[in-house]
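In: Fold the following for me, if possible:
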Amino acid sequence: MKKKIRNWSQYNRALVQRGNINIWLSESAISKWQNTEKHGGRGRSNYYSDLAIETCLTLRAVFHLPLRALEGFVNSLLTMMDTSLQSPGYSCLCKRSKTLDVQYRNSAGKGFIDIVVDSTGLKVYGNGEWHTRKHRATKRRTWRKLHLAVDATSHDIVGAELSMVNVSDGEALADLIRPLRRNIDRVTGDGAYDTRSCYEEVAAKKAIMRAPPRDNAQYWEEGHPRNNAVFMMHQIGL
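Out: Next up, the predicted model:
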């Protein structure tokens, strides 16, 4: 501080005012909420302007809201302002956010993060129902698995890997966490990650593996971090 504070009462009120969450949109922002320009190409033009999408996404980044909650938050804000405008739908916000260059970005954050890993079936390849009905052919379809690593705090996807259906979740863990340059505190997953290779990969990142052991799990060598999870399972169950 270069100068001493002498107006303590005003300074104190300013600190209290920092917690005021009243939000008000300017008249220019309201007038430009709906898009009035035509792109001139095929298909319908966007109903909401880029300014409206950017405003909603900025509010989402500031208050850490999911898209559905963001839609309700913006609608309540516009209702409080006594306007006839509506918030863009969560699906519209999701699609437009991929192509819109939003000026506000979330900070990368510092320190250690918690990672949650899991997988899901992504798509089916093969002949469709019409081909099966017409030619009486058997359905030979193959799934693809999408493995994801998600930041438990910000819900951001920090790693993704697409594999064949015969690749287990534990085998894909290395490809999810090895490229990460962030410091990892804990990696959480389901019982599919209760393998020695997963514990070794997580230990290489100097993190803690949290995965529920199987029902018939036995203790590993003395001092292994998995033994704590097995002990808790024998005491209180899964």
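
In: For stretch 79-97, give me every contacting residue.
Out: If you take CB atoms under 8 Å, 6 or more residues apart in numbering as the criterion, stretch 79-97 is touched by 24-25, 30, 33-34, 46-48, 50, 52-53, 56-57, 60, 67-68, 70-75, 78. In short, each C-beta sits where N, CA and C put it, glycine included.

In: please redo it, this time with the cut-off set to 10 Å
Out: For stretch 79-97, contacts defined as CB atoms under 10 Å, 6 or more residues apart in numbering pick out 22-25, 30, 33-34, 46-50, 52-57, 59-60, 66-78, 100, 102.

In: What helices and strands are in contact with the longest strand along the chain?
Out: For the chain, the strand that runs over the most residues, judged by DSSP state E, is strand 112-125. Other elements packing on strand 112-125 under the criterion 3 or more CB pairs under 10 Å, 6 or more residues apart in numbering; DSSP states H and E are strand 142-151, strand 157-164, helix 169-177, strand 183-188, helix 196-204, strand 208-210.

In: tell me the most buried of these?
Out: With neighbours taken as mean count of other CB atoms under 10 Å, those reach their highest mean count in helix 169-177, at a mean of 21.

In: helices or strands up against that helix?
Out: Contact here means 3+ CB pairs under 10 Å, 6+ apart; on that basis helix 169-177 packs against strand 112-125, strand 142-151, strand 157-164, strand 183-188, helix 196-204.

In: returning to that earlier point: quick one, which of the helices and strands packed on strand 112-125 is nearest to G111?
Out: Within the helices and strands packed on strand 112-125, the stretch nearest G111 is strand 183-188; the backing value is 6.8 Å (CB to CB).

In: just how off-centre is the closest one within its chain?
Out: Centroid displacement of strand 183-188 relative to its chain, using CA atoms, centre = their mean, to the nearest Å, is 16 Å.

In: One more: stretch 155-163?
Out: Taking CA atoms, centre = their mean, one finds the center of stretch 155-163 at 9 Å from the center of the full chain.

In: Now do that stretch: everything it contacts.
Out: Here stretch 155-163 makes contact (CB under 10 Å, 6+ apart) with 64, 66, 106, 108-109, 113, 115-117, 119, 122-123, 144-151, 167, 169, 171-180, 182, 184.

In: could you redo the last one with a cut-off of 6 Å?
Out: Residues from elsewhere that reach stretch 155-163 (CB atoms under 6 Å, 6 or more residues apart in numbering): 145-151, 172, 175-176.

In: And these, which two are furthest apart?
Out: K145 and D151 (20.8 Å).

In: Return the subset of the contacts of stretch 79-97 lying in strands.
Out: Using DSSP E, no member of the contacts of stretch 79-97 falls in strands.

In: Just the buried subset of these, written out for PyMOL, thanks.
Out: The buried residues among those can be selected in PyMOL (16 or more other CB atoms under 10 Å) with this line:
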select buried, resi 25+33+46+48+49+50+52+53+54+55+56+57+59+60+67+70+71+73+74+77+78+102
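
In: Narrow the contacts of stretch 79-97 to those in helices?
Out: 30, 50, 52-57, 59-60, 67-78 (DSSP state H).

In: re the thing from before, would you mind giving the helices and strands packed on strand 112-125 as TSV with mean pLDDT and distance to Y219 added?
Out: Formatted as TSV, those follow (pLDDT from 0 to 100; distance: least, CB to CB, whole Å):
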stretch	mean pLDDT	distance to Y219
strand 142-151	88	28
strand 157-164	90	31
helix 169-177	92	20
strand 183-188	92	21
helix 196-204	92	13
strand 208-210	91	16
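
In: Distance to P225 for the ones you listed - can I get that in TSV?
Out: Below are those laid out as TSV (distance: least, CB to CB, whole Å):
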stretch	distance to P225
strand 142-151	20
strand 157-164	22
helix 169-177	16
strand 183-188	11
helix 196-204	7
strand 208-210	7
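
In: That's all I had, so thanks and see you.
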